[in-house]
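Visitor: I'll drop the sequence and a predicted model, then ask my questions.
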Amino acid sequence: MTAPVHLILDGDTRIIVTRSFTAPPALVFRAHTEPPLIRRWMIGPDGWSMPDCDCDPRPGGSFRFGWTNGSDTSFHATGEYLEVTPRRIVHIERMFLPDPTPDNHVDTRFAPHGTGTRMTMVMTLPSPEARAAVIASGMPDGLEDSYARLETILAKA
Amino acid sequence: MPHLDTAFAALSDPTRRAILARLALGEATVQDLARPFPISQPAISRHLKVLEDAGLIETRIEGTSRPRRLKPDAVEQLWDWLGQYRALWEARYARLDDVLADLQKEDSP
C-alpha cells in the first residue's frame, strides 16, 4: 500500500508536499543526496530518464540534473544548496526550458515518524505566476509542451 | 480557462475551498454560503469576489437575487492540473519507496 502524497497550496506563492516513508530519515536523506540513488526515482513522467545527475550536497555546493524522454525532448535543472543536514536540505533550483524559470526555494525536512520518516517539502516561488508554472510542469506530456500551453493560456486570460 | 496564477491563489484559502465545495452541490446565495462559516457576510462576499475574479465562479442575476455558481470547466481544469502535478510526485515517491527498500535490505545483516 503506497503512502499518500499531500499537496497543499499555501498563500500565494508556496506549494507544500508531504509524504511518509517506512524507511528512517538517514536513508531518505541518502536517496536525496547520492546521484546513483537520485536518478532511480527523481524521474518521470513515464518514459523519461535522468542521464545527467551531478550534485555536491553541502552549503554552497551546486547540482545539475538533466532529463530526456529518449527521443526528441530533454531539459535540465540547476541549483545550489544552502543547508544540508541529515534532517534538512534547503536549496534553490531553476529549470531550463530552455529559458530559466524563476528560482524555486525548496526546504525539505525529514522528521522521524515511528520507525519511518515524515517528509515535508516547502517550495516558495517568487510570484503566483511562477507557482502556476511549477504546477504546470507536472503535465505528463512533457514540460516544454506544458510551458508552451501555459503561455498560451496566460496570454488568452 | 481562468487566470492560472490568481486561480491557484484563490484555491489556497480553506474558506474559499469550502465555498467551492458547497457550490459544487448547486448554486447558492451569499446568505446560504455565509451560514456554515463563523465569519461575516461581507467577509464571505470578499472571498466570492476573489473566486469570481479568478474565473472560478459566476453570478447569476434573478430579480433581486444574485446566486453564485461554479464555472464547471474552469474548476475541473484546475483540479486536473493539480492532480497531474500530484501524480508526478506520487510516481516519484513510489519509485523512492523501492530505492529505500533496497537500501534497507543492504543495511540488514
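Guide: Structure received.

Visitor: For chain B, which segments count as helices?
Guide: B:4-11, B:14-23, B:30-34, B:41-53, B:72-107 (DSSP state H).

Visitor: Likewise for chain A?
Guide: A:25-33, A:35-41, A:128-136, A:143-156.

Visitor: and the third one, what does it pack onto?
Guide: To tie it back to what came earlier, the one meant is helix A:128-136. Packing contacts for helix A:128-136, counted by 3 or more CB pairs under 8 Å, 6 or more residues apart in numbering or on different chains; DSSP states H and E, involve strand A:14-21, helix A:143-156, helix B:4-11, helix B:72-107. Glycine gets a C-beta too; all of them are placed from N, C-alpha and C.

Visitor: So what's the gap between it and the chain middle?
Guide: Distance, stretch centre to chain centre, for helix A:128-136: 13 Å (CA atoms, centre = their mean, to the nearest Å).

Visitor: CA-only coordinates of it in CSV, if you can.
Guide: Taking Å, rounded to 0.1, in the frame of the first residue of the first chain, the C-alpha atoms of helix A:128-136 are listed here in CSV:
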residue,chain,number,x,y,z
PRO,A,128,1.9,33.5,-8.1
GLU,A,129,2.7,33.2,-11.8
ALA,A,130,5.9,31.2,-11.1
ARG,A,131,3.9,28.9,-8.8
ALA,A,132,1.3,28.3,-11.6
ALA,A,133,4.2,27.5,-13.9
VAL,A,134,5.6,24.9,-11.4
ILE,A,135,2.2,23.2,-11.2
ALA,A,136,2.0,23.2,-15.0
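
Visitor: what sits against whichever residue of chain B sits closest to chain A?
Guide: Nearest residue of chain B to chain A, counting by CB to the nearest CB: residue B:85, 3.0 Å away. Applying CB atoms under 8 Å, 6 or more residues apart in numbering or on different chains, we find residue B:85 in contact with A:7, A:134-138.

Visitor: need the residues you listed in a markdown table with pLDDT and neighbour count, can you?
Guide: Formatted as a markdown table, the contacts of residue B:85 follow (pLDDT from 0 to 100; neighbours: other CB atoms under 10 Å in any protein chain shown):
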| residue | pLDDT | neighbour count |
| --- | --- | --- |
| A:7 | 92 | 19 |
| A:134 | 85 | 18 |
| A:135 | 85 | 24 |
| A:136 | 77 | 23 |
| A:137 | 73 | 21 |
| A:138 | 64 | 20 |
